[in-house]
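Engineer: Build me a structure from this.
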Amino acid sequence: MLKLKYTILYSILLYFMSCSTDSTKFKEREFNKLRKPLVTTHIASYKELKTLINIEFTTSPKKQVILTHRLYDNEVQSILEEGISEDDLKEIKGASLFEQVKFGIMHPYVAINRHDLKRVNFLARRWRSMGIEGEIAFYDLSTIIKKNILTEGRTIAKEDMGEKGYFNTFNHICAQALLTSIFSEKLADFIADVHELKRPFLIDSNFTEEQIQDINEGVVDNYVDLINNEWGQELGKLLKQKYRIDNTTTWTAPLLADYLNDVQAYFSWTLNLRFKGIRPDNEDIILFAKKINKVKHELDRIEF
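Structural biologist: Predicted coordinates:
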């Protein structure tokens with residue numbers, strides 16, 4: 001009898017842990033413009049991927065691939081076209097002033113938004129030079145979300161808990177949502193595209209057999225990432241409106257915790273997962289909130 005009592009109490013505790021963000025998360029009807037993201041480990045082949053998303057290749061006016069993910073009456077579309085990549089942005093940093101000016105003329109969006117691109121670069125990576133002890137990046141936030149999955153009473157496949165499973169989906173959606181909320185959808189989309197253009201084969205329909213068969217590193221995984229980036233941007237627009245986030249917003253640990261609990265609520269609804277809530281006294285949450293404020297409002301004081 002005593003054992004049964006403790007079992008019941010434990011079950012109740014787990015229930016409240018999984019529902020601990022009810023006061024801040026969206027109700028299902030508020031997610032009605034969002035649908036289920038993709039998970040690489042749930043897709044067995046490129047052929048199966050093409051049953052989930054429409055893939056169209058064009059060459060005019062530029063070589064591009066158009067990915068459309070439609071569920072019921074909702075859809076997102078990712079258009080990846082030939083252009084500058086993340087590697088090009090890295091190379092131009094060490095180029096001569098003449099080459100940098102020339103690059104800026106050829107790519108005006110980069111020149112106009114160069115400061116925000118630097119800010120994003122710092123948010124996405126760990127930089128000890130920023131003077132924040134215990135540096136935190138987007139990767140660490142996704143790690144928190146993954147660790148918060150409640151597995152009690154259910155079986156989750158080992159591969160789903162690996163790097164290319166839920167974590168990869170969390171990472172793309174969480175980062176793109178935050179970039180959209182903190183900056184803009186256009187900047188978030190630009191960052192996503194230049195990252196994927198490190199792999200120019202993505203806009204070319206003439207894949208090698210290896211690129212097709214390699215689920216974790218080939219076209220399947222990369223196209224999954226591109227679609228999830230779009231869902232992340234849609235989520236970021238919703239949360240930006242909910243929390244009235246703009247350029248003047250000061251990010252606090254409670255704000256970031258509430259925001260990420262809503263991200264978890266989205267994953268709970270779409271992926272049928274349960275999570276324990278993220279608390280504002282979590283050290284990583286406190287540090288990342290400080291980091292957002294530092295890169296957003298103190299750019300001139302950051303040592304590049």
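Engineer: Output the helix or strand hosting residue 287 in CSV with nothing but the alpha carbons.
Structural biologist: Secondary structure assignment for residue 287, by DSSP states H and E: helix 283-297. Taking C-alpha atoms only, helix 283-297 is exported to CSV below (Å, rounded to 0.1, in the frame of the first residue of the first chain):
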residue,chain,number,x,y,z
GLU,A,283,22.6,29.5,-14.7
ASP,A,284,22.8,29.0,-18.5
ILE,A,285,19.6,30.9,-18.9
ILE,A,286,20.9,33.8,-16.9
LEU,A,287,24.2,33.9,-18.8
PHE,A,288,22.5,33.8,-22.2
ALA,A,289,20.1,36.6,-21.4
LYS,A,290,23.1,38.7,-20.4
LYS,A,291,24.8,37.7,-23.6
ILE,A,292,21.9,38.9,-25.7
ASN,A,293,21.9,42.2,-24.0
LYS,A,294,25.6,42.6,-24.4
VAL,A,295,25.7,41.9,-28.1
LYS,A,296,22.4,43.8,-28.7
HIS,A,297,23.1,47.0,-26.8
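Engineer: can you give me the helices in the stretch 51-200 of the chain?
Structural biologist: 86-93, 97-106, 108-112, 114-124, 138-147, 166-182, 185-196 (DSSP state H, counting those that start in this stretch).
Engineer: Flag the shaky bits of the chain, pLDDT-wise.
Structural biologist: 1-33, 127-134, 299-304 (pLDDT under 70).
Engineer: what about the strands in it?
Structural biologist: 54-58, 64-71, 74-81 (DSSP state E).
Engineer: Make TSV from the ones you listed and add mean neighbour count and distance to residue 88 to it.
Structural biologist: (Each C-beta comes from the backbone N, C-alpha and C, glycine too.) Shown next, in TSV, are the strands of the chain (neighbours: other CB atoms under 10 Å; distance: least, CB to CB, whole Å):
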stretch	mean neighbour count	distance to residue 88
strand 54-58	13	22
strand 64-71	17	17
strand 74-81	18	14
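Engineer: just the helices of the stretch 51-200 of the chain: most buried one?
Structural biologist: helix 166-182 (a mean of 25; mean count of other CB atoms under 10 Å).
Engineer: gap between that one and the chain center?
Structural biologist: 2 Å (CA atoms, centre = their mean, to the nearest Å).
Engineer: can you check stretch 200-210 too?
Structural biologist: 24 Å.
Engineer: same deal with stretch 95-106?
Structural biologist: Per CA atoms, centre = their mean, the centroid offset for stretch 95-106 relative to its chain is 30 Å.
Engineer: got it, and stretch 232-239?
Structural biologist: 10 Å.
Engineer: quick one: contacts for residue 102?
Structural biologist: By CB atoms under 8 Å, 6 or more residues apart in numbering, no residues touch residue 102.
Engineer: returning to what we had before: what residues of the helix holding residue 287 count as buried?
Structural biologist: 284, 285, 286, 287, 288, 289, 290, 291, 292, 294, 295, 296 (16 or more other CB atoms under 10 Å).
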